[in-house]
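> Return atomic coordinates for the entry below.
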Amino acid sequence: MARSIALFDSWRGSYDDNPRAISERLGQTHPEVTRVWVLRDPSTAPDGVRAVRPFGAGHLWALLRARYVFANNAMPFWWRKPRRCFYVQTWHGPGAFKKVAWDIVGDEDSRYAKFLEKFARDVAKWDLLVTTNALATRLFPHAFRYDGRIVESGSPRSDLLLAALGSGRRDEVRHDLGLESSARAVLYAPTSRGEPGKDPEVADLVAALVAGLDEDDVLLLRAHPNDHVLASYAPVSHRVRNVSAADGLDVLLAADVLVTDYSSIFFDFALTGRPVLFVFEDLERYRDQVRGLYLDVESDLPGPSVRDMGELGATLRSLPAQVDHSAWLAEHLPHEDGHAADRVIAAVFDERTPPASRDRHVPGGPTAGPGSPTPR
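The predicted model follows:
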């Protein structure tokens, strides 16, 4: 009997995010399933995984043969899902912060409207949507115009971070990145704006960040998967490292402080117990005209915020080394216990949860009740 094939696709070529966590756990719980990954660099595939290049012959073969598909973004729009295939949309990021898909405010871009028309066809193929918390479970069906099954599992990618935090790997990662033990690593990880001409000049932005650092601080730049400008930025100072190509989990482990804007990476970082600082230079415009936010920046975030880079230095210097995020985590990430991937796998492979079911499935069992562009 042929082995079932599970195809994993994260950002069309990266070995990371929720699909990675599910894949690694699936290899332990269901070794009889053949795991195939879409990877730009096949050498990054771990043992036990078959790698195929995006849109290569192997990728097309896997799209036709896969019994299961796990993706954190939209699949190729021309893909016609085979009848026997079970498509799990894991989404990306561990929480709902900036608005997505049809919830985005003030978007009159005709190109994006056409994208949503195509994206609707992808949502129609979803058999299961993974959400992190009750807020996402409530909001995403409307945002994605999706009425299918949901598993409110928590964030699978957080499983990997929680396991790594207790492994002693942080010292190894910092050594590999060339960070001195006394250095405070300040990670700057903004979202992608997706607005031509609206992103600040990277060199000016980096200069402003460096000006706010203490003498022993090192700045780590981490670009959003869609931000090719920041990803390709070549630092001119030894105090700045571009870690956009580094393993995302390793970067979170190495950092002592996170500076971000509207990126959901802060949900992950809060699990480390280290401080988060938000920079909202264009809050009113981004919130009210460009994108929209699901959370209140004054009351729903796990750290202070500044409105301009001039305030950054003093606020950075005042941050403690450790922060007690427990109350915030209990409210916003209540399922992060290291077993989110197990809950997703159970929802897909547990025979008591048939693929044809359209019920919502949440931790503890099904309850009565009733998708994703690459983020902008």
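
> The closest residue to H30 other than its chain neighbours: how many residues sit nearby?
With CB to CB, 6 or more residues apart in numbering as the criterion, H30 has its nearest non-adjacent residue at 6.4 Å, and that residue is F349. No exception for glycine: its C-beta is placed from N, CA and C like everyone else's. Residues lying near F349 (other CB atoms under 10 Å) number 17.

> can you check A330 too?
Neighbours of A330 using other CB under 10 Å come to 10.

> Which pLDDT value does the model give it?
Listed pLDDT for A330 reads 96.

> pull the CA atoms of the host helix or strand of it into PDB?
Here A330 sits within helix 326-332, counting by DSSP states H and E. The C-alpha coordinates for helix 326-332 follow below in PDB (Å, rounded to 0.1, in the frame of the first residue of the first chain):
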ATOM      1  CA  SER A 326       2.300  35.800  32.400                       C
ATOM      2  CA  ALA A 327      -1.000  37.700  32.700                       C
ATOM      3  CA  TRP A 328      -0.800  38.900  29.100                       C
ATOM      4  CA  LEU A 329       0.000  35.400  27.900                       C
ATOM      5  CA  ALA A 330      -2.900  33.900  29.800                       C
ATOM      6  CA  GLU A 331      -5.300  36.400  28.200                       C
ATOM      7  CA  HIS A 332      -3.900  36.400  24.600                       C
END
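
> residues in contact with the helix or strand just after it?
Once the chain leaves helix 326-332, the next helix or strand it forms, by DSSP H and E, is helix 340-349. Helix 340-349 is contacted from outside by 21-22, 24-26, 29-30, 68, 86, 88, 90, 128, 130, 149, 151, 153-156, 158-159, 335, 353, 361, 363, using CB atoms under 8 Å, 6 or more residues apart in numbering.

> And stretch 10-20, by the same measure?
8-9, 37-41, 44-46, 53-54, 70-73, 90-92, 130, 155-157, 160, 225, 247-249, 374.

> ok, back up a step: restricted to buried residues, select the contacts of helix 340-349 in ChimeraX.
Buried subset of these, written as a ChimeraX selection, criterion 16 or more other CB atoms under 10 Å:
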select :21,22,24,25,26,68,86,88,90,128,130,149,151,153,154,155,156,158,159,335,353,361,363
